[in-house]
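Asks: just coords:
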């Protein structure tokens, strides 16, 4: 039986098929949910605009559950506003790098505003890029950049950026760390775990507290699996002649990762 949060998300998305399509996963996967999985909350929130506290009150109802997959542990830890914002930023990058946004998500991105900071200006540029494009154009752009006929302009995988080949040692090291942390692969996803969208989703769940890790563990994971290559990918997107909307995504990603790298140099 589905809980109220999942029912709200399905209704807002226009049905199970629409929700699955927007998330880029198979319809049977969503059909089998009784509630929104912890690792999908931020993506579902971005897609449907249903607040995360409504989707998973046990995780986001004023505090965030510690203990990851054990919702009955009764232990909670307050997540401060900075970590909530970090989680949202990582979640936005995960959604946009994982698939082309649909029209509804583009419309919401078009409302982005910002201040005079580097990240604020990047948000403004992303909002402007969304307002001047549409679902068809962005879908074609995503295909050209990341899929292509044979292959896209970019292969957004850690192994490829670090070694020039797919499924190399960086992926093996990542899988070993994920196993040690108790983070399991979503069986509905076909991409290897070093895809940038999956790494952004993992970092989002770290920041939100959906995955129970401390600051030092977050920092070690970022330093090992994200920092060595992800900024280069986003910087390359900014320079791509094929990119329009995704040039702005690249700017947001590059600036945000620079801020994260600086933040992780500070004491916990």
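Replies: Done, it's in. Not measured: the values here are computed from a predicted model.

Asks: C-alpha from now on. contacts and neighbour counts both.
Replies: Fine.

Asks: OK, contacts around the spatially most central residue of the chain?
Replies: Centroid check for the chain by C-alpha atoms, centre = their mean gives residue 94 as the closest residue, at 2.1 Å. Residue 94 sits next to 43, 196, 197, 198, 199, 200, 201 when contact means C-alpha atoms under 8 Å, 6 or more residues apart in numbering.

Asks: Let me have the residues you listed in TSV, extended by neighbour count and pLDDT.
Replies: Output for the contacts of residue 94, formatted as TSV (neighbours: other C-alpha atoms under 10 Å; pLDDT from 0 to 100):
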residue	neighbour count	pLDDT
43	22	85
196	25	97
197	23	94
198	23	94
199	23	96
200	26	94
201	25	91
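
Asks: Of all pairs in those, which one spans the longest distance?
Replies: Largest separation among the contacts of residue 94 by C-alpha to C-alpha: 43 and 196, giving 14.6 Å.

Asks: if we can go back for a sec, show me which of the contacts of residue 94 is closest to residue 57.
Replies: Residue 57 lies nearest to residue 43 out of the contacts of residue 94, by C-alpha to C-alpha, at 15.7 Å.

Asks: Now that closest one: which helix or strand?
Replies: helix 41-48 (DSSP states H and E).

Asks: Now do the strands in the stretch 1-150 of the chain.
Replies: With DSSP state E, counting those that start in this stretch, the ranges of strands along the stretch 1-150 of the chain come out as 64-65, 76-77.

Asks: can you tell me which of those strands the model trusts least?
Replies: Comparing mean pLDDT across those, the weakest is strand 64-65, with a mean of 26.

Asks: hang on, the earlier thing: neighbouring contacts of the helix holding residue 43?
Replies: With C-alpha under 8 Å, 6+ apart, helix 41-48 has contacts from 9, 12-13, 22-23, 50-52, 55-56, 88, 91-92, 94-95, 104-105.

Asks: if you look at those, which of them are in helices?
Replies: Among these, the ones falling in helices (DSSP state H) are 9, 12-13, 22-23, 52, 55, 88, 91-92, 94-95, 104-105.

Asks: Please identify which of these is nearest to residue 126.
Replies: residue 92 (11.5 Å).

Asks: what's the closest one in contact with, if anything?
Replies: So residue 92 contacts 43, 46 (C-alpha under 8 Å, 6+ apart).

Asks: quick one: pLDDT of it?
Replies: Taking residue 92 on its own, its pLDDT is 92.

Asks: Tell me the spacing between it and residue 245.
Replies: 14 Å (C-alpha to C-alpha, to the nearest Å).

Asks: Can you flag which of the contacts of residue 94 belong to helices?
Replies: Using DSSP H, these in helices are 43, 196, 197, 198, 199, 200, 201.

Asks: Domains in the chain, by residue range?
Replies: Following automatic domain parsing, one finds the domains of the chain at 4-77, 81-263.

Asks: Low-confidence ranges, the stretch 151-268 of the chain, go.
Replies: For the stretch 151-268 of the chain, the stretches with pLDDT under 70 are 187-189, 268.

Asks: again, only this time at 90
Replies: Low-confidence segments of the stretch 151-268 of the chain, defined by pLDDT under 90: 182-191, 205, 208-212, 266-268.
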